[in-house]
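Sequence below, structure please.
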Amino acid sequence: MKLSDLSQKEFKELVNSMVDDRLCELLGNPDLGLALDEKVRAEMKQVLESKERVTGEIVAERLGLRW
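Numbers count the residues shown, from 1 in each chain. Down below sits the predicted model:
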């Protein structure tokens with residue numbers, strides 16, 4: 001497939017993906033290799049075992065965040 005075959009939306013998604021990938025390569029993950037606190041680990045395990053799921057919008061609302 002040629003770039004000229006992509007729609008404007010597809011091209012934008014491709015560029016965004018490439019920029020994201022490059023930034024990850026350059027900046028890396030600052031938390032990589034850090035140990036999780038046992039309390040955080042226990043909370044994460046509890047959440048993953050739960051059947052309840054919430055959307056990002058609900059979490060943001062609970063925390064008073066605006067996206």
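
contacting residues for V59?
By Cβ atoms under 8 Å, 6 or more residues apart in numbering, V59 lies in contact with L65. Backbone N, C-alpha and C define where each C-beta goes, glycine included.

swap in E57?
Under the criterion of Cβ under 8 Å, 6+ apart, the neighbours of E57 are W67.

next one: the one 3 residues further on
For A60, the residues meeting the contact criterion (Cβ under 8 Å, 6+ apart) are 66-67.

mind redoing it with 7 Å?
W67 (Cβ atoms under 7 Å, 6 or more residues apart in numbering).

Equivalent analysis for the one 4 residues further on, please.
Contacts here follow Cβ under 7 Å, 6+ apart; on that basis G64 touches nothing.

For it, grab phi and psi.
phi 70, psi 30 (degrees, to the nearest 10).

next one: E43
With angles defined as degrees, to the nearest 10, E43 shows backbone torsions of phi -70, psi -40.

Count the residues that sit near it.
For E43, the count of nearby residues is 12 (other Cβ atoms under 10 Å).

Return the residues in contact with it.
Contact partners of E43, counting by Cβ under 7 Å, 6+ apart, are absent.

R22 too?
Contacts of R22 by Cβ under 7 Å, 6+ apart: none found.
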